[in-house]
Structures are given as structure tokens and as C-alpha cells.
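J.: Quick one, what's the 3D model for this:
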Amino acid sequence: MKKIPNVCFVLREPNENEETVIHMIVRDDSKSKVINTGLKCFPPEWDNGRRRIKNLRSIDNQLEKNQRLDYLEKQFTGTYHDLINEKKQFNLTDLVIKFKNELNGSEKEPIDLISFIYEFIEFNKKSKKEGTVKTYISTLNRLHEYQKERNILLNWDSITLPFYYDFIHFLEEKNLAKNTIGKHIKTLKIFLNDGYHQGLHNNLEFRHPKFKKLKEKVKKIYLNETELQRINNLVLGHPKLDLIRDLFLIGAYTGLRYSDYSQLKEENFRKTAEGLFLDVITRKTNQRVTIPINSLIETILKKHNFNLPISPSNQMTNKLLKLIALKAGLNDIVEIVKHEGGKRVNKQNKKYELVSSHVARRSFATNAYLASVPSISIMKITGHASEEVFLAYICISTEENALLMNEHPFFN
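T.: Modelled structure (predicted):
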């Protein structure tokens with residue numbers, strides 16, 4: 001191959017009303033190859049003349065995406081010249097394979113911070129849980145917002161302590177909670193650490209002791225046995241509400257996460273001479289757990305012939321759980337103290353407003369602990385790695401703790 005192939009970018013579905021993939025087309029005299037850039041845009045945002053996204057500030061991330069397209073074209077040209085300098089015989093297929101290998105890291109090439117994060121996310125989609133990938137994408141989106149509002153382009157050397165403080169201030173301006181900001185800092189450090197280990201930068205300022213994840217302990221709720229029974233006794237009169245209530249109770253008496261208790265099948269349940277047991281491999285940690293099933297949950301399972309219907313989305317479940325909790329009369333006032341937008345905020349909530357699918361798991365851990373089930377036994381189900389982390393998960397008040405201690409022989 002003596003002539004460098006032509007490179008252009010096109011939309012896969014230019015007539016769609018939704019975002020569509022941007023393809024990189026490379027052509028020589030006889031054939032062409034299609035390469036997925038991993039980028040998307042809405043067809044009205046595409047400039048067919050420039051073969052780039054339109055240069056409009058109203059288009060999210062257009063600068064970074066066009067920068068990425070420029071990088072891909074430059075990288076492809078560099079790969080071509082490398083093969084020419086090696087004086088090897090090669091065709092378009094050989095060129096595309098080498099180009100893809102370089103992008104995939106078989107041969108390390110310089111890559112900017114934002115492009116690296118894009119590739120990091122794409123690579124980890126294969127192995128990480130969906131929730132983890134969503135966390136990565138959320139932090140990437142915040143970095144895009146930061147660049148746009150500060151009118152700068154971040155690079156590896158931009159990540160300094162002054163940036164850290166300004167980024168936190170920027171997130172506070174978005175009225176984010178302190179723990180949410182901390183999650184973004186933690187995720188950013190994951191990106192930076194991976195880039196460092198790949199030899200893409202030597203900036204270790206993100207490891208400075210002051211460049212730390214923010215966190216605060218915020219009061220969480222659980223439902224006690226009486227409250228769970230009130231929910232169980234409700235006559236809801238609607239199949240969807242009835243299913244969501246039943247699944248929530250299964251979670252509250254098994255300690256499973258929503259991603260697990262909403263996907264249970266008949267084969268997960270095992271009847272033995274000792275009783276009914278649940279066997280499941282948890283989705284988040286890939287751990288196998290075995291959980292005894294009490295009579296209340298067995299009754300629920302029999303109602304559904306051990307074949308639970310498909311659950312609504314977690315978002316819909318959380319919305320309807322609040323309605324169910326309201327119907328159960330969970331109107332106690334709960335005071336939540338936390339930092340939002342850099343300020344201490346005291347919020348008065350009714351308990352039903354705070355009920356979500358995850359409250360089921362927290363209720364299991366707390367009620368089992370209050371019933372004097374050994375922590376190690378509960379942890380075998382919840383999957384907590386240490387008792388310290390597990391105890392931070394328990395939601396008992398100082399009064400409940402005092403009543404629990406009062407039953408101990410030491411106080412009698």
C-alpha cells in the first residue's frame with residue numbers, strides 16, 4: 001500500500017431521531033473498512049460538510065467528542081506511517097488491525113485524560129456491573145460540565161490540589177450532597193490511578209493526603225418488625241403494588257439487594273427436612289449465599305407458586321414503595337442532617353418518604369442484629385467483609401442500643 005487511505009466520519013443512522021453511533025470509514029482504491037469510534041450524537045447535531053459535530057455551545061460535550069475524532073484520525077495516519085517506515089508489505093486490513101491494537105493498548109500511545117476515560121469505561125463495560133459503569137459515566141459527565149463552565153480542557157497535568165478544591169466547589173454549586181461529591185472524587189482517583197499504572201502520566205498529586213474522598217455519616221432508616229407486619233397486612237387491591245410489597249418483604253427477611261430479590265426464580269428455593277432455604281449467587285459480589293426462609297416469606301412464595309412475576313424497574317419500585325409505606329401509616333418524623341451544596345442542612349421527613357428498595361436489606365441486617373443473631377452469621381448473608389463495615393450499616397438509635405444493652409447480663 002503506497003497511498004494513505006482516506007478517512008472520514010459518518011453517522012450509522014443519519015435519519016434516526018435518537019443518538020446514533022459515529023463510524024470511522026477508511027478507504028483505499030479497492031475496499032473500505034468501518035471502525036466504531038464509541039462516540040454518539042444526535043443527527044441534527046452533525047455537520048456533514050466538516051464531518052464533525054457542529055460547533056455549538058448548546059451541544060453537550062461537542063468539544064471533547066470532536067477532539068476525540070481528531071485524535072483517531074491523527075492516530076490512524078501515524079499508524080500508516082509507522083508501517084511505511086517499517087518497509088513492510090501491508091494492505092488495508094493489516095493497517096486497521098494494527099490501528100485497533102494500538103487503541104486497545106497493545107502498543108501504548110499518548111492519550112489525553114478525557115479520551116482515556118471514554119476508553120476506560122468502554123473497556124470496563126465487559127467486566128464491571130451496570131451500576132459501577134453508571135457511576136463512571138456520571139463522573140465523566142460532571143467533568144464535562146466542569147470543562148464547559150470553566151471554559152477549559154482538562155489534561156493529566158490539570159489534576160492538582162487547586163483543581164481538587166475548585167472541582168469540589170463546582171460540585172457544591174450543583175447542590176450535591178457531600179457523600180455524592182465524595183463518590184465523584186473516588187471515581188476520578190480510579191481513573192487517574194489506572195492511567196498512571198498504564199504509564200500515561202506521572203502526575204501523582206491525586207495521591208496527596210489532602211486529595212481525599214469526602215464523606216459523612218448520614219442517618220439511614222430501617223423498618224422494625226411491627227412496621228414490616230403492617231406492610232404485610234395491607235390490602236392493596238392492585239397487582240403491581242401487591243407484587244412490589246411482596247418483593248420488598250422478601251428482601252427484608254433475606255437481606256438480598258434489589259438486584260437479587262427482584263430476579264428470584266423457582267430454582268432458587270430448596271425444600272429440605274430442616275426447612276425451606278434460598279440459594280442464590282449475588283449479582284454484585286458473585287458470592288453464593290444460603291438463607292433460611294421464615295413462614296411469612298414462605299406464605300408469600302406459595303401465593304405466587306414460587307414463580308415471582310417480573311418486577312418493575314427499581315425507579316418505579318422506589319416510587320410505589322413510598323405509596324405502600326404511606327398506606328401502612330409510616331408517618332413518624334425522621335430528621336436527616338447532612339451537607340448539601342457545602343452547607344449543613346436539617347431536613348424533616350416523614351418516614352414513608354425515605355422508604356426505598358434498599359431499606360429492605362438494611363431492615364434485615366438491623367432486625368437480625370437486634371434479635372441477637374451473631375454478626376458473623378448476618379455478614380455471611382449480607383456479604384460485608386469486616387465487622388466494622390457491617391456495624392456501620394446497622395441503623396439502631398441510641399435509645400434502641402440502650403434497650404439492647406439493658407438486656408445484657410452485665411446490666412442486671
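J.: which non-adjacent residue is nearest Asn175?
T.: Leaving aside its chain neighbours, Asn175 sits nearest to Gly341 (4.2 Å; criterion: CB to CB, 6 or more residues apart in numbering). Heads up, the C-betas are built off the backbone N, CA and C, glycines and all.
J.: actually Val133, not the one I typed
T.: In space, Val133 is closest to Lys125, 5.6 Å off (CB to CB, 6+ apart).
J.: quick revisit: tell me who's in contact with the residue nearest to Asn175.
T.: Counting by CB atoms under 8 Å, 6 or more residues apart in numbering, Gly341 touches 172-176.
J.: Identify the residues contacting stretch 308-315?
T.: Under CB under 8 Å, 6+ apart, the answer for stretch 308-315 is 240, 243-244, 246-247, 258-259, 262-265, 301, 317, 320, 357.
J.: Out of those, who's the most crowded?
T.: Leu247 (26 neighbours; other CB atoms under 10 Å).
J.: That one is in contact with Asp260, isn't it?
T.: No: contact criterion CB atoms under 8 Å: Leu247 and Asp260 do not qualify, at 10.6 Å.
J.: quick one, domains of this structure?
T.: When the chain is parsed with automatic domain parsing, its domains come out as 6-109, 114-207, 225-411.
J.: Nearest to Lys219, out of those?
T.: domain 225-411 (5.6 Å; CB to CB).
J.: Report the distance from that closest one to the chain centre.
T.: 21 Å (CA atoms, centre = their mean, to the nearest Å).
J.: Listing request: residues of the stretch 301-412 of the chain with sub-threshold pLDDT.
T.: 396-401, 404, 407-408, 410-412 (pLDDT under 70).
J.: where exactly do the helices run in it?
T.: 314-327, 357-370, 375-382, 387-393, 398-406 (DSSP state H, counting those that start in this stretch).
J.: Kindly report the same for the stretch 51-200 of the chain.
T.: 62-85, 92-103, 113-124, 130-150, 161-173, 178-197.
J.: least reliable of those going by mean pLDDT?
T.: With a mean of 84, helix 92-103 has the lowest mean pLDDT of those.
J.: And that one, what's buried?
T.: 92, 95-96, 98-99, 102-103 (16 or more other CB atoms under 10 Å).
J.: longest strand in this protein, by residue count?
T.: Taking DSSP state E as the criterion, the chain has its longest strand at strand 32-41.
J.: Extract the C-alpha trace of that strand and format it as PDB.
T.: Provided in PDB are the C-alpha atoms of strand 32-41 (Å, rounded to 0.1, in the frame of the first residue of the first chain):
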ATOM      1  CA  SER A  32     -13.200   0.100   2.800                       C
ATOM      2  CA  LYS A  33     -13.400  -0.700   6.500                       C
ATOM      3  CA  VAL A  34     -15.800   0.500   9.200                       C
ATOM      4  CA  ILE A  35     -14.400   1.300  12.700                       C
ATOM      5  CA  ASN A  36     -16.800   2.100  15.600                       C
ATOM      6  CA  THR A  37     -15.500   5.200  17.400                       C
ATOM      7  CA  GLY A  38     -17.500   4.500  20.500                       C
ATOM      8  CA  LEU A  39     -19.000   8.000  20.200                       C
ATOM      9  CA  LYS A  40     -22.600   9.100  19.600                       C
ATOM     10  CA  CYS A  41     -24.500  12.200  18.600                       C
END
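J.: how about Tyr253, what does it touch?
T.: Contacts of Tyr253 (CB under 8 Å, 6+ apart): 228, 293-294, 296-297, 364.
J.: related to what we said a few turns ago, now do the helix or strand following the longest strand of the chain: distance to the chain's middle.
T.: Toward the C-terminus, strand 32-41 is succeeded by strand 46-47 as the next helix or strand (DSSP states H and E). A distance of 31 Å separates the centroid of the chain from that of strand 46-47, by CA atoms, centre = their mean.
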